[in-house]
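A.B. asks: This is a predicted model, with the sequence first.
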Amino acid sequence: MRYRTGGTAPWFHASLSLPSGVRLTGFDLYGCDEGAGDIYAWIIVNHNQVYGGPLTSGTPGYGRFFYDLAAAKLTVDNYDNAYVVEVRLDATSPVNRVRAVNVYYILQVSPPPEAPSFIDVPPGHPFYQHIEALAASGITDGCTVDQDCPDAPLTRGQMAVFPSKALGLHGA
């Protein structure tokens with residue numbers, strides 16, 4: 001985190017480490033707005049896409065100030081983008097304080113490929129997107145080279161592989 005004092009207003013700037021593919025839903029700031037100025041906060045993508053603004057009203061008080069990002073439909077892409085959070089305290093109020101900023105997101109299943117990986121799970125199959133996501137992430141590779149066998153029974157041993165791979169568990 002970087003912090004700047006002096007000039008027109010103090011600000012805080014920190015990189016965000018978010019999982020690729022998640023959708024941002026909002027962020028909140030815990031702070032104290034005891035002066036006439038406002039506290040501002042933004043999520044900034046690649047220094048040019050800005051989401052946020054003033055979070056307080058200048059009315060004295062302490063609390064949680066929330067900014068809703070749901071309408072932005074912002075999906076994290078760490079390969080092409082850099083994400084930062086920035087907080088600025090209005091220069092007209094030297095008594096405003098910030099304690100924390102929380103960023104909220106939801107996990108998403110990645111979009112499926114156009115061509116199926118398995119001959120028994122075509123694009124119209126109700127579980128196509130989910131089976132393709134598991135295959136793309138390396139959690140499963142089907143029951144044969146070109147089949148997933150989505151209706152076949154699953155043993156406890158086979159089931160143990162899924163969470164182990166998904167969570168990246170390693171033996172001693």
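C.D. replies: Nice, I can see it.

A.B. asks: where in this structure is pLDDT low?
C.D. replies: Along the chain, the model assigns pLDDT under 70 to residues 1-9, 36, 57-60, 91-94, 171-172.

A.B. asks: Which residue ranges of it form strands?
C.D. replies: Secondary structure of the chain by DSSP state E: the strands cover 2-4, 11-15, 23-33, 39-45, 49-54, 61-68, 74-75, 83-89, 97-106.

A.B. asks: what sits against the residue nearest to Ala70 when sequence neighbours are not counted?
C.D. replies: Sequence neighbours aside, Thr25 is the residue nearest to Ala70 in space, at 5.4 Å (criterion: Cβ to Cβ, 6 or more residues apart in numbering). No exception for glycine: its C-beta is placed from N, CA and C like everyone else's. By Cβ atoms under 8 Å, 6 or more residues apart in numbering, the contact list for Thr25 reads 68-70, 104-106.

A.B. asks: go on, Gly21?
C.D. replies: If you count contacts by Cβ under 8 Å, 6+ apart, then Gly21 has 75-77, 107-108, 110 around it.

A.B. asks: change it to 6 Å
C.D. replies: Residues counted as contacts of Gly21 (Cβ atoms under 6 Å, 6 or more residues apart in numbering) are 108, 110.
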